[in-house]
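Participant: Need coordinates for the below:
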Amino acid sequence: MTDTEDQTADDSASACSSMEVTDRLASLEQRVQMQEDEIQLLKSALADVVRRLNMSEEQQALGSRRGPTKARPMIATLPVRPMVNNGTVLPKKGSGLPSPSGSGSRKDSGPASNKSTVRRANSNEHMSSLTRKDSADSKRTRAGSTGSNSSGRRSDSKPREPVFNPGNRRVTHCKEEGYVKLFLKGRPVTMHMPKERVDNFSLEARGELPASRLKLHWVYGYRGRDCRSNLFLLPTGETVYFMASVVVLYNVDEQLQRHYTGHTDDIKCLAVHPDKITIATGQVAGTSSDGKQLPHVRVWDSVSLNTLHVLGMGFFDRGLVCLAFSKSNGGNSLCTVDDSNDHVLSVWEWQRETRLAEVKCSNESVFAADFHPTDSNVVVTCGKSHLYFWNMEKGTLSKKQGLFEKQEKPKFVLCVTFTENGDTITGDSSGNILVWAKGTNRISQVISGAHEGSIFTLCMLRNGTLVSGGKDRRLVSWDSSLQQIQAVEVPEVFGPIRTIAEGRGDTVLIGTTKNLILQGSLDGEFVPITQGHVDELWGLAAHPSRPHFLTCGYDRQVCLWDSSSHQLIWIKSLEDTAQSAGFHPSGDVVAIGTHTGRWLVLDTDSKDLVAVHTDGNEQLSTVKYGPDGNFLAIGSHDNYIYIYAVGERGRKYSRVGKCSGHSSFITHLDWSVDSQYLVSNSGDYEILFWIPSVCKQVVSVETTRDIEWATNTCTLGFNVFGVWPDGSDGTDINAVCTSRDKRLLATGDDFGKVHLFSFPCSQFRAPSHVYGGHSSHVTNASFLLDDSCLVTTGGKDMSILQWRIV
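Facilitator: Here you go, the predicted model:
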């Protein structure tokens, strides 16, 4: 054998030996990773046990403080999860963003970043006491919500809360005539007080905070319409997802929810750490006290719900669209993509809150970003007209563009996942699944026409099965060689498949574009476990004798909910967008007002149509039955209130006439306890009184000032004027309601906040407990049957929040 042949043989043997070593190392890495996963599962289980013990102790303590309480159906029998977020005071001017963790400061210490200090709080609840100050620094702004769009701006409401000057007196009191005058947008609103209050009323008196508080109990809905990769199952059995500015941890088996409420505006992305305990969530821009937009990432503990770190305050633009933890280095790195024009990709060492690298990702939309499972320096991003493989070295991210070569380039690359051996798999708008060989930017395998239309999501299961879902509503499973195993089609009513998550055993979780979460198996039927509305939400009505409530909105859906089981009882589709709702006192029927002037009456049990009428051709803002059930009042945007006589327990209607006198659209209505009088508010801040049986206006102050009202939903009136903040333009408060026992008053405003006042609320700048959760304007609020719960609805965030009174 020649020297050349010997050398060749040695090289060949060396290569084989090197390959064996590489394979053995890869096998050892897999075994280590499996063992680490098992350890993390044990940690998670132990943490869950600790959490349950804490929950039990807190429940016992709560019971001992409150003493025996009246039994309630189902709600009272369920164990209550502890909320770590309770009891802070509104931050002083100049303080940073509230957070649910302990006090302290965090700094964005990445290269070329502006350092910003973040003030931490322990709650989403704040106590606001509006007190008078005459100082040079007299203007104040409050953190506000900016709606549910990625830019953080809403077209139909103010971007920040009102500015006021305490030197200007906005309320005057005339003791001789017995009235107070509130100025909204410079326009006086005169409100006469009851005779018994005339002698002892003083503007200088201070209102009292209510002894009761609100605690977020249940979140209805899921954001699948415009978000991706936002559904995961934790080892504790909790499904984690988000709605509005709340992250929901939902235990389906126990029918319990916990909530992380550290965010101040729309959450748009979510990532779960390899330890299955730590979670990162990113939000859109809110508005701070100094007016700066502050999108950021919060990293938090899913067991304690404590905030661990806040990243990117002042660095990100508009909002966050993608988040992912690394997998191969213990999850020490976090990659993010923001919603700026350049869609900046950044990599963070999140535990040190340090930015390691950043780069302009794309001028086009970015839909997904993820770390390679075996190399924490490799990140893959995809979106409109691009697929990029990024390599991070010495603080610099360099990219290789995916080469489609002979394969037709899709308009959108929509999702990405990885095989066990490190290959990259993508799904695109052409319905194709493409495999990209590990370490390359070239296609190694093509599955053409895997779906009809866009593939929105890919999920690699623990057993190596790939599951894909998309616009065609098909859930398709593929083996390790990417041969189709089986396919299941989701019913059309549930909508296209937005995201897929592996559940327990052989179950799979699906999030759809119609904002439902489904649970089922690949060879079986899928059932909804969470559902909600898919467009702006305004109509809300509480059932008079059951723990039920009804919602309706711009998605043309009317939904009846059970507040005890938190389940949807029925849903009915309408031809028109809906705006308002009201139950007949018998509870047998419910009236729905639409945007076209048409109103319908539905049977509460069967959802069958009982009656349909049309009055005008404009939006019907409010529909209200009189307490005796003999009349129905309908407030329209054409400035009229239409009155109908009602018979046969809400099944027969005859028009009495219309109340004419307002010079602007009707916003709210209330009936007197004896059903003899009606009070109305309008868009130009008028308060008018009526005798509905004859459609005549009542102008006598002596007649109207002592009327007892059955409900208090009008935002203008002597008993509620204290809810208006300084500098308000008269449109900031969308809804008010009182508890059945007339002790509490709740409001929903344009800044995503729910306020709880004492009732009556007839002192200017009345103090209130303030609660976040909604990320858009709060459109409606209603106490339920026994005052155990308050339900609030969000506008563009499409959320329904149920609060316990504690």
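Participant: hey, which helix or strand in this protein has the poorest pLDDT?
Facilitator: Least confident helix or strand, the chain: strand 88-89 with a mean of 35, by mean pLDDT, DSSP states H and E.
Participant: Chain neighbours aside, what residue packs nearest to residue 459?
Facilitator: residue 500 (4.0 Å; Cβ to Cβ, 6 or more residues apart in numbering). All C-beta spots, glycine's among them, are computed from the backbone N, C-alpha and C.
Participant: I'd guessed that neighbour sits against residue 508; true?
Facilitator: Yes - counting by Cβ atoms under 8 Å, residue 500 touches residue 508, with 6.3 Å between them.
Participant: Find residues that contact each of those two.
Facilitator: Both residue 500 and residue 508 are in contact with 459, 467, 475, where contact means Cβ atoms under 8 Å, 6 or more residues apart in numbering.
Participant: Which of the residues you listed has the largest number of neighbours?
Facilitator: Highest neighbour count within these, by other Cβ atoms under 10 Å: residue 475, with 25 neighbours.
Participant: Moving C-terminal from the helix or strand hosting that residue, which element do we reach first?
Facilitator: Taking DSSP states H and E as the criterion, residue 475 maps to strand 474-478. Downstream of strand 474-478, the next assigned helix or strand under DSSP H and E is strand 484-489.
Participant: Can you list the buried residues in that next one?
Facilitator: For strand 484-489, the neighbour count (16 or more other Cβ atoms under 10 Å) marks residue 488 as buried.
Participant: now swap in stretch 415-428 and tell me
Facilitator: 415-419, 423-428.
Participant: Could you do stretch 551-565 as well?
Facilitator: For stretch 551-565, a neighbour-count test (16+ other Cβ under 10 Å) marks 551-564 as buried.
Participant: do the same with stretch 243-258
Facilitator: Within stretch 243-258, the residues scored as buried using 16+ other Cβ under 10 Å are 243-252, 256-258.
Participant: for the buried residues of stretch 551-565, which one is nearest residue 333?
Facilitator: Residue 333 lies nearest to residue 555 out of the buried residues of stretch 551-565, by Cβ to Cβ, at 39.6 Å.
Participant: show me what contacts that closest one?
Facilitator: 533-535, 577.
Participant: So in terms of bridging, what pairs with the closest residue to residue 223 other than its chain neighbours?
Facilitator: What sits nearest to residue 223 in space, not counting adjacent residues and going by Cβ to Cβ, 6+ apart, is residue 243, at 5.5 Å. As for beta bridges, residue 243 partners with residue 246 under DSSP bridges.
Participant: residues touching residue 243, list them.
Facilitator: 219-223, 532, 797-799.
Participant: Please apply the same query to residue 467.
Facilitator: 458-461, 475-478, 500, 508, 522 are the contacts of residue 467 under Cβ under 8 Å, 6+ apart.
Participant: same deal with residue 432?
Facilitator: Contacts for residue 432 (Cβ under 8 Å, 6+ apart) come out as 407, 410, 446-450, 455.
Participant: Tabulate those residues (JSON lines), appending pLDDT and secondary structure.
Facilitator: Output for the contacts of residue 432, formatted as JSON lines (pLDDT from 0 to 100; DSSP: H, G, I helix; E, B strand; the rest coil):
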{"residue": "407", "pLDDT": "93", "secondary structure": "coil"}
{"residue": "410", "pLDDT": "97", "secondary structure": "coil"}
{"residue": "446", "pLDDT": "97", "secondary structure": "strand"}
{"residue": "447", "pLDDT": "97", "secondary structure": "strand"}
{"residue": "448", "pLDDT": "97", "secondary structure": "coil"}
{"residue": "449", "pLDDT": "97", "secondary structure": "coil"}
{"residue": "450", "pLDDT": "98", "secondary structure": "coil"}
{"residue": "455", "pLDDT": "98", "secondary structure": "strand"}
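Participant: I'd like these as CSV, with distance to residue 716 and neighbour count appended.
Facilitator: Converted to CSV, the contacts of residue 432 look like this (distance: Cβ to Cβ, whole Å; neighbours: other Cβ atoms under 10 Å):
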residue, distance to residue 716, neighbour count
407, 64, 15
410, 55, 22
446, 65, 15
447, 63, 21
448, 63, 11
449, 61, 10
450, 59, 25
455, 53, 30
